[in-house]
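>>> how would this look folded up:
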Amino acid sequence: MAKKIGVVTSVILGLAGGAAAAAFLATESGKKVKKQVTDFVKDYQENHDEINNDLVNKAHDLKDQAVDRFEDVKGQFESGELTIEDLIQSGKEKVQDLTDQIKDKLAEVKSAEEETTIIDIPEEDVVVQEDIEIDL
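Residues are numbered from 1 along each chain as shown. Okay, here's the model as predicted:
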């Protein structure tokens with residue numbers, strides 16, 4: 001399957017992606033993310049064995065917690081202490097909590113977007129190519 005995309009279109013998409021990344025990195029949260037990534041990379045370069053071991057230990061701990069929780073829930077089911085209805089209600093509550101958290105994050109992002117300035121590209125610098133072909 002051949003895919004054909006014009007070079008100009010690729011450049012425009014690259015510019016748009018770069019502009020979006022630049023706009024994000026210019027925000028406070030973008031600067032925090034960039035600093036966290038930079039700090040992590042520096043730490044990893046200096047202490048990669050230690051960080052790898054720490055991540056492996058955390059993964060094992062998480063696995064152990066999941067197994068323990070499964071055994072607890074299984075025991076509660078077998079004893080009748082927990083029912084399917086209880087699990088469904090708990091799931092509904094957790095989904096509602098997660099939905100509320102997502103709505104809050106989206107509101108934060110929307111607020112940050114309103115504070116972000118839009119890059120204005122002069123019309124004469126925009127090239128439109130209409131003969132884009134994508135063969136799948």
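>>> where do the helices sit along this protein?
For the chain, applying DSSP state H gives helices covering 7-26, 28-79, 84-115.
>>> which one of those has the most crowded surroundings?
helix 7-26 (a mean of 12; mean count of other Cβ atoms under 10 Å). C-beta: built from backbone N, CA, C; applies to glycine.
>>> which strands and helices lie in contact with it?
helix 28-79 (3 or more Cβ pairs under 8 Å, 6 or more residues apart in numbering; DSSP states H and E).
>>> returning to what we had before: could you dump the helices of the chain into a markdown table with mean pLDDT added?
Below are the helices of the chain laid out as a markdown table (pLDDT from 0 to 100):
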| stretch | mean pLDDT |
| --- | --- |
| helix 7-26 | 75 |
| helix 28-79 | 88 |
| helix 84-115 | 86 |
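>>> what residue of the protein is the furthest out?
residue 79 (39.8 Å; Cα atoms, centre = their mean).
>>> so that residue versus residue 67, what's the distance?
19 Å (Cβ to Cβ, to the nearest Å).
>>> what do you get for residue 107?
37 Å.
>>> one more: residue 15?
49 Å.
>>> do the same with residue 99
Applying Cβ to Cβ to residue 99 and residue 67 gives a distance of 29 Å.
>>> same check, this time on residue 17
42 Å.
>>> so who does the residue farthest from the centre of the chain touch?
Residues near residue 79 by Cβ atoms under 8 Å, 6 or more residues apart in numbering: none.
>>> next one: residue 80
Contacts of residue 80 by Cβ under 8 Å, 6+ apart: none found.
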